[in-house]
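Q: Here's a sequence, model it:
(chains A and B, ligands or ions: 2)
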Amino acid sequence: MWRIALKGILGRKARLVLTSLAVILGTSFLSGTAVFSATLNRTFDNLFSDVFRNVDSYVRSTQVIEADFGAEERQRIPVELIDLVKQVPGVADVQADIQAFARIIGKDGKPLGSEGAGPPTFGGVGQEFKGALWTISEGRFALGPTEVVLDEASAKAGKFVLNDKVKVVAQAGSREFTLVGIASYGDVRSPGGATFALFDLNTAQEFLAKPGFIDDILVSGDGSLSDKELATAINAAIPSSYKTETLTGAQITKETQDQIGTALSFFSILLSTFSYIALGVGSFVIYNVFSISAAQRQRENALLRAIGASKKQVTRAMLIESVVVGLFGSVIGLFAGIGLSKALSALLKAAGIDLPTGGLVVPSSAVVNTIVVGLIVTVSSAWLPARRAGKVPPLTAMRETAIEVVALTRRRTLFGLLLIALGAATIIAVTSGASNKWLGLGILFVFSGTITLGPVIARPVALMLGKPAEKLRGVTGTMARQNSARNPKRTSRTASPVLIGVALVTAVAALAASIRTQIDGVFTEQFKGDYAISTDARGFGGLSPSLADDINMLPEVERATGIGLLTVKIEEKGQYLTTINPATVEGVFDLGLVSGTYADLTPETIFVSQQYAENNDSKLGDTIAVTLADAQVKTLRIAGIYEFDDIAGKYTVSRDLTKDSTVINFDLGVYIKLKSGVSDQSARTILQAAVDKYGQGTLLSKREYIDKQSGQVNQLLGLIYGLLFLSVIIAVVGIIITLLLSVFERQREIGLLRAVGMTKSQVRTTVRWESVITSLLGAVVGIVLGVGLGWVIVYALRDQGLSSFSVPVGTTVSILIMAFFIGVLAAVYPAWRATRVNLLTAITTS
Amino acid sequence: MNNPSAATATNVSKIYGHGDSEVRALDNVSVQFETGKFTAIMGPSGSGKSTLMHCMAGLDEMTNGSVTIADIDIASLKDKELTRLRRDKIGFVFQSFNLVPTLTADENIRLPLLLGNNKGNEEWIQKVINTVHLQDRLTHRPSELSGGQQQRVAVARALASEPAIIFADEPTGNLDSTTGNEILSFMRKAVDELGQTIVMVTHDPVSASYADRIVFLKDGKIAGELLQPTPELVLDYMKNLGH
Ligand SMILES: Nc1ncnc2c1ncn2[C@@H]1O[C@H](COP(=O)(O)OP(=O)(O)OP(=O)(O)O)[C@@H](O)[C@H]1O
Ligand SMILES: [Mg+2]
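A: Numbering: from 1, shown residues only, chains lettered A, B, ... in the order given. Ligands and ions are numbered 1, 2, ... in the order given. Presented below is the predicted three-dimensional model:
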């Protein structure tokens, strides 16, 4: 049987190529994402072991608040510790380290790096240090309050040369410095595409952070002590009242690598999830190809049976073929994936994320996984067609033509309907009180049911969708329409990958549209002003609180108020508090107070949301103990309860709460209401001038501001669309393969049509429309499923505050248009092949 | 119909392969098919009958010589023009697989017209349909028709566009003699009553006797002609030719 199987494979190279193509695509995404993740991990590991190579000890505060998503806020330490550490025997050199937000303004007045998105922009300390992170490649380190050093990539991007004036925006506002040096970081010009502005220690404290404080101390030993001994010695030298800890170089390297590893693992999981989705979609294509080729070989198989091959042998021959195809495809897919991950790196580089080059890492697990999974998917996709091939009655060999048997059993219809009903029942059960975790099962049921029903609905829907083609294109349209409906099983299998891709895209779009509507509604409800200033500092500071105060004083302004965020610990858990200015908040930013007045919010009190009060049985007068980042504990009395918690969250405090602590307070947004009668034009000019004075934040009208908030959803959306694009590629390839096989199968028909006068362009039209109808079939059913799925997801998230569901009309329309063009695109090659059908062989072979 | 010849082949040669494996399927053949006449082509297997038809109908390229259909020199035509010529001026009936399985009998009959976005002469089409007795089968698909009915549809299609000439390659080869005769008398009728021009390849002397004239081929050359044939005459003639 091996001989027959191998002959079968080699005899039809085209079929081998087509079948393998589906396997190759599916597995290449699998190996590509695995290799990319591993390479990225190794790259960062190397980067940080380089960075800390000459750091023997690392001193930092023990006071840390861990918030959601692995973010942490560590308290700063007093600068005088440097002198203490310097005097510890065994210490050769120290460097104070500050990591803070700083944005370099280009010569054109625009900040370097992308605003709001992209790699962060840092400010720090640059100085001569034995365990140096930064090495000067041109000029020298900064020495005074007016000097700055930039990383090589930023200097190049901003076309700065030594002695140029450089404007930098940071915590303390915007200032102009003289460029005295250009530095590089290890062997990269700028790690990960981030920008760096480096100052001397005093300037860095005052301009970037808080005078008298630094983030940590890097220590280089003189070699007389081991790293461990050195760390112990330093720890002993620092009084425990400072609440610090000393780590060895190896420890801090490991910790940083682990942190990055955790952050990257989220990314890796996302990548591999979508590559598995793509592979799942690909398995439909593989299944389809095997089914079609089994059908086309019906006579051949029947002949084998007639001359004495057993059912088992025929089945086994096909399975052997699938093993060969699976292996062949997976191995090529593995290498294609390695190429793909290179392309991904190149793409990142083009997007400005310059990762240190370290060579590709191909983990053996990725190799094994790709080949094993590829093989399993291929062989299991071939299983049913192979079984069916074995069941071919020997008599078929004598029959005229072998076309795939299309028996749509009542059993299929019933089973499909049953699955959908089960799914619907499960979902209804959830909406009437059952646990959310059943939703997944319900969705799975509905999807499987729809796919089972696929062949049943394919014919009527394809005929319906083909109506316009018939109207538009006459008899060629009629033929396209009939062709797409003539084998409903095949059509539905071809459309299924499109269906799955479209359903996922639609569901994600529906979710995003709902979130956007929600955000829009929330801001419209709470933001009563005319203008807003937003920050892009993202986790590294924000707007100076005095900006809101200054604007509030402007004669054209009725009122301006700043809203900020504070990370604290409540009952040993990291929590965010919203900070407001009780004196100016009223009438600009509405919390929807149900009890208390804004005047009740003092440094001794706190407001909580109504939801929180209900959940915790709290009432006015209860107290909450809040630990600030500098370990101060404040006991705050509940003095007000508010309704709108979408922005403010559970807790709101006065911005004066941190007045007597080392914690710095920023605003994340300033909301402005103009006096009546002030024109938009003059308001913008005046407000912009105030913003420019600080060099921080972006001035936006109310509408722009709300759009920007809801627009952030688009970034996530972009990523998910990008990943789903993999599935779309496979779907397109699936259509191409099916069309090619159909064209091959219909050679005689095409030859006949050409003989009686069908022009080549009419042949192409027929194939093209068939492709469009198939693609639209998948898209239409996919949209219906996707909207349903989106609704279910939004419903499941109702506890997260998502209360409105929106149908993504725009996306739906673009999907339909795209599906149309995908159909056109997929048909290009098959249509061309169809015109190459040899007219004579078609009509002379009997 | 001012030209008495619907199709003319002049010194047509067709050579397959090169060198040692060269096959001369047609060797300098010149022949004319008169308008309004039913001509049969006969000859032993491999004598070049199908090749001649394919070359004259623009389905295959000839190696040498020229062919005119309805006064058009087909050698000078590009693929698109040639396709249009086949669509508008030539009708075809093949031995089997004549119909498009996804189209109804009616659509199959009108296929060349539909492809040309041409309404055609409805009166004529109805006349053709009535003559082949297909009135109550028009909405059926080929798979729902018998072999004889399918061939009748094919003949009706060949006639529907009122072509200058119809080529039929063993149109009754797959049918039993009763059904075959039915088709042949219909073709005869199409020539006599509808004024059509038909060229038919056949092996069967009885079938050939329906024609006005028989052209004999042997080894790619014209071997002779017979006018007003009867089955007996044909058999005699073939004996003389072959042995
Ligand atoms: N594509 C081809 N390549 C090579 N030789 C061919 C090809 N087609 C036909 N021939 C040869 O040309 C000659 C004429 O073939 P043709 O099909 O015209 O014969 P025919 O008279 O129609 O025979 P039959 O009665 O069997 O149909 C034969 O010798 C045949 O082998
Ligand atoms: Mg022949």
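Q: Next to chain B, which bits of the stretch 701-846 of chain A? Give me the list.
A: Residues of the stretch 701-846 of chain A lying close to chain B by C-beta under 8 Å from any C-beta of the partner chain are A:748-749, A:752-760, A:762, A:839-840, A:843-844, A:846. C-betas here are computed from N, CA, C, even on glycine.
Q: where's the closest residue to chain A within chain B, which helix or strand?
A: The minimum distance from chain B to chain A, using C-beta to the nearest C-beta, falls at B:R87 (2.3 Å). Using DSSP states H and E, B:R87 sits in helix B:79-89.
Q: elements contacting the helix or strand following that helix?
A: Using DSSP H and E, the helix or strand that follows helix B:79-89 in sequence is strand B:90-93. For strand B:90-93, the packing partners by 3 or more C-beta pairs under 8 Å, 6 or more residues apart in numbering or on different chains; DSSP states H and E come out as helix B:147-160, strand B:165-169.
Q: Flag the shaky bits of the stretch 601-750 of chain A, pLDDT-wise.
A: A:695 (pLDDT under 70).
Q: What are the boundaries of the strands in it?
A: For the stretch 601-750 of chain A, strands defined by DSSP state E, counting those that start in this stretch occupy the ranges A:605-609, A:623-627, A:633-642, A:651-654, A:667-674, A:698-701.
Q: Also chain B?
A: Secondary structure of chain B, counting by DSSP state E: strands at B:5-16, B:23-34, B:38-42, B:64-69, B:72-73, B:90-93, B:165-169, B:198-201, B:213-218, B:221-227.
Q: Of those strands, which is nearest A:T662?
A: Of all those, strand B:90-93 sits nearest to A:T662, with 94.9 Å by C-beta to C-beta.
Q: from the middle of its chain, how far away would that closest one be?
A: Chain-centre distance of strand B:90-93: 6 Å, with C-alpha atoms, centre = their mean, to the nearest Å.
Q: next one: stretch A:360-379
A: That offset, for stretch A:360-379, works out to 24 Å (C-alpha atoms, centre = their mean).
Q: B:D20: how many residues sit nearby?
A: Per other C-beta atoms under 10 Å in any protein chain shown, the neighbour tally for B:D20 reads 5.
Q: So which other helices or strands are in contact with the top helix by length along chain B?
A: For chain B, the helix with the greatest residue count under DSSP state H is helix B:177-192. With contacts taken as 3+ C-beta pairs under 8 Å, 6+ apart, helix B:177-192 sits against strand B:38-42, helix B:122-131, helix B:147-160, strand B:198-201, helix B:205-208.
Q: Please identify which of these is closest to ligand 1.
A: Among these, the nearest to ligand 1 by C-beta to the nearest ligand atom is strand B:198-201 (6.6 Å).
Q: Does A:D645 touch A:A613 like I think?
A: No: look at A:D645 against A:A613 with C-beta atoms under 8 Å: they stay out of range, at 10.4 Å.
Q: contacts for the helix holding B:R87?
A: Counting by C-beta atoms under 8 Å, 6 or more residues apart in numbering or on different chains, helix B:79-89 makes contact with A:754-760, B:57-59, B:69-70, B:72, B:74, B:77, B:92, B:112, B:115-116, B:118, B:161, B:163-165, all of which sit outside it.
Q: Next one: the closest residue to ligand 1 within the stretch 601-750 of chain A relative to A:Q298, how far apart?
A: Across the stretch 601-750 of chain A, the shortest distance to ligand 1 (C-beta to the nearest ligand atom) belongs to A:Q747, at 15.5 Å. With the distance defined as C-beta to C-beta, to the nearest Å, A:Q747 ends up 16 Å from A:Q298.
Q: do the same with B:F186
A: Counting by C-beta to C-beta - B:F186 and A:Q298 are separated by 36 Å.
Q: Residue nearest the middle of chain A, spatially speaking?
A: The structure's chain A has its C-alpha centroid closest to A:L719; by C-alpha atoms, centre = their mean the separation is 4.0 Å.
Q: who touches it in this structure?
A: A:L270.
Q: Next: A:W832.
A: A:W832 neighbours (C-beta under 8 Å, 6+ apart): A:R764.
Q: In what element of secondary structure is it found?
A: Counting by DSSP H and E, A:W832 is part of helix A:809-835.
Q: Show me what the helix or strand that that helix is followed by is packed against.
A: Downstream of helix A:809-835, the first helix or strand assigned by DSSP H and E is helix A:839-844. Contacts defined by 3+ C-beta pairs under 8 Å, 6+ apart place helix A:839-844 against helix A:747-755.
Q: hmm, who's touching the helix it packs on?
A: So helix A:747-755 is contacted by A:743, A:760, A:763, A:834, A:837-843, A:845, B:57, B:59, B:83, B:86, B:92, B:94, B:97-101, B:111, B:115 (C-beta under 8 Å, 6+ apart).
Q: And for stretch A:215-227?
A: Residues contacting stretch A:215-227 (C-beta under 8 Å, 6+ apart): A:54-61, A:74, A:76-77, A:81-82, A:85, A:89-100, A:129-131, A:133, A:209, A:230, A:233-234, A:248-250.
Q: got the buried residues for it?
A: A:215-221, A:225, A:227 (16 or more other C-beta atoms under 10 Å in any protein chain shown).
Q: Could you save these as CSV and add columns showing distance to A:S380 and pLDDT?
A: Converted to CSV, those look like this (distance: C-beta to C-beta, whole Å; pLDDT from 0 to 100):
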residue, distance to A:S380, pLDDT
A:D215, 54, 89
A:D216, 54, 90
A:I217, 58, 91
A:L218, 55, 89
A:V219, 58, 90
A:S220, 58, 88
A:G221, 59, 87
A:L225, 61, 87
A:D227, 53, 88
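Q: and the residue positioned nearest the centre of chain B, how far is that from A:T262?
A: Nearest residue to the geometric centre of chain B (C-alpha atoms, centre = their mean): B:F167, 1.4 Å. Distance, B:F167 to A:T262, by C-beta to C-beta: 77 Å.
Q: Over to A:G592?
A: 37 Å.
Q: out of these two, which sits in the more crowded spot?
A: A:G592 (14 against 10).
Q: Not counting sequence-adjacent ones, nearest residue to the more buried one?
A: Leaving out its chain neighbours, the residue that sits closest to A:G592 by C-beta to C-beta, 6 or more residues apart in numbering or on different chains is A:E643, at 3.6 Å.
Q: and chain A, which of its residues are near chain B?
A: Counting by C-beta under 8 Å from any C-beta, chain A sits next to chain B at A:474-476, A:478-479, A:482-483, A:486, A:748-749, A:752-760, A:762, A:839-840, A:843-844, A:846.
Q: that older thread, among the contacts of helix B:79-89, the buried ones, what's the PyMOL command?
A: To isolate the buried ones among those in PyMOL, judged by 16+ other C-beta under 10 Å, type:
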select buried, (chain A and resi 754+755+756+757+758+759+760) or (chain B and resi 57+58+59+69+70+72+74+92+112+115+116+161+163+164+165)
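Q: Write out the residues of chain B neighbouring ligand 1.
A: Within reach of ligand 1 by C-beta under 6 Å from any ligand atom, chain B has these residues: B:16-17, B:23, B:25, B:43, B:45-51.
Q: between the residues you listed, which is nearest A:S341?
A: Taking the residues of chain B next to ligand 1 together and measuring to A:S341 by C-beta to C-beta, the closest member is B:G17, at 51.3 Å.
Q: That closest one: what's it in contact with?
A: Here B:G17 is in contact with B:V23 (C-beta under 8 Å, 6+ apart).
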